[in-house]
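Chemist: When you get a sec, could you give me coordinates for this:
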Amino acid sequence: MKAAAQQIPLDLSMRPALGMEDYLIGPSNADAVAWIDRWPEWPAPLLVISGPAASGKTHLAAVWGEKTEAAHINPEMLTQNTAEELAEKGDTLFIDGIDLWIGDREAETTLFHLYNIFKEEQRTFLVTSRMNPTQSDFVLADLASRFRAAPVATIKAPDDILLGSVLIKLLTDRQLPVGNEIIAYILPRMERSFVAARDIVDNIDKAAYSRKKGVSVPLVRQVLADMQTDEY
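Modeler: Predicted structure coming up:
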């Protein structure tokens, strides 16, 4: 008898909701949220949101962008456009993920001139980075001094309450409602990071779909075991 073919889940990207009502707030990110709420009363033309991968930096920047009608600037544009051209795109700007471009002289030069334009014209812009400016290796000393003097809204590693809330939201977004026993099982067995939460939910989603089963502790146990095996 021929075995039934296993269904393979399609690799469909999830479209995140980027409103403040969808942003989960806890002790690890409350300071960053407070800085967003504080605008336009910022002490400098620049705010840096710093935090680990998948910690919500882009989401929070998008919330600020919607609030201020800011233009979204891709960091690659720092090497393709002049500071004057970028400044013309809006009275407020946000640049998501500049850390890869710190160390590039051309990008830093544009960023330096952009900072000066915004300071002179009393305008504001926001950047996100996985690295704190104090840990970044700048090529331009003048840019380094400006970034290191700017306020930094740091998103820290999540505590259990926030991490559990993130797991519930990610699972619910994929129409995988779970009880508290599932979250209680996952939390002490996972890496304490948003990336780990995202990867675990991705794997639970694929396992539940391919096996046509709801989310249960045995299914989650197998998912975590398979992920642990892949790490070795």
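Chemist: okay, now the domains of the chain?
Modeler: Domains of the chain are assigned by automatic domain parsing as 20-154, 160-231.
Chemist: Mean neighbour count for these - can I get that in a markdown table?
Modeler: In this view, the C-beta of every residue, glycine as well, is placed from N, C-alpha and C. Below are those laid out as a markdown table (neighbours: other Cβ atoms under 10 Å):
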| stretch | mean neighbour count |
| --- | --- |
| domain 20-154 | 17 |
| domain 160-231 | 16 |
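Chemist: Could you tell me the least trusted of these?
Modeler: Note on those: domain 160-231 shows the lowest mean pLDDT, a mean of 90.
Chemist: can you give me the helices in the protein?
Modeler: Secondary structure of the chain (DSSP state H): helices at 30-38, 57-68, 83-87, 105-120, 141-149, 160-173, 180-186, 194-211, 217-231.
Chemist: For these, please prepare CSV with the additional fields distance to residue 135.
Modeler: Below are the helices of the chain laid out as CSV (distance: least, Cβ to Cβ, whole Å):
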stretch, distance to residue 135
helix 30-38, 17
helix 57-68, 15
helix 83-87, 25
helix 105-120, 16
helix 141-149, 10
helix 160-173, 23
helix 180-186, 31
helix 194-211, 19
helix 217-231, 27
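Chemist: Quick check: which of these is nearest to residue 131?
Modeler: Checking the helices of the chain against residue 131 by Cβ to Cβ gives helix 141-149 as the closest, at 10.5 Å.
Chemist: Okay, angle between the closest one and helix 105-120 too, please.
Modeler: Angle, helix 141-149 to helix 105-120, by axes from the mean of the first three to the mean of the last three Cα atoms, to 10 degrees: 60 degrees.
Chemist: Who are the packing partners of helix 141-149?
Modeler: strand 46-50, helix 105-120 (3 or more Cβ pairs under 8 Å, 6 or more residues apart in numbering; DSSP states H and E).
Chemist: Do I have it right that residue 53 meets residue 129?
Modeler: No - the criterion here is Cβ atoms under 8 Å, and residue 53 misses it with residue 129 at 11.2 Å.
Chemist: Contact partners for residue 182?
Modeler: By Cβ atoms under 8 Å, 6 or more residues apart in numbering, the residues touching residue 182 are 215-217, 220.
Chemist: ok, which pair from those residues is furthest apart?
Modeler: Farthest pair in those, by Cβ to Cβ: 215 and 217, 8.8 Å.
Chemist: Just list the residues touching residue 153, thanks.
Modeler: 31-32, 34-36, 47-50.
Chemist: 7 Å instead, please
Modeler: 31-32, 35, 47, 49 (Cβ atoms under 7 Å, 6 or more residues apart in numbering).
Chemist: same check, this time on residue 183
Modeler: With Cβ under 7 Å, 6+ apart, residue 183 has these contacts: 164, 167-168.
Chemist: And stretch 26-40, how far out from the chain middle?
Modeler: 14 Å (Cα atoms, centre = their mean, to the nearest Å).
Chemist: what do you get for stretch 178-194?
Modeler: Distance of stretch 178-194 from its chain centroid, counting by Cα atoms, centre = their mean, is 20 Å.
Chemist: okay, how far is it across that stretch, tip to tip?
Modeler: 18 Å (Cα to Cα, to the nearest Å).
Chemist: do stretch 174-192 as well
Modeler: 21 Å.
Chemist: Also stretch 176-187?
Modeler: With Cα to Cα, one end of stretch 176-187 sits 17 Å from the other.
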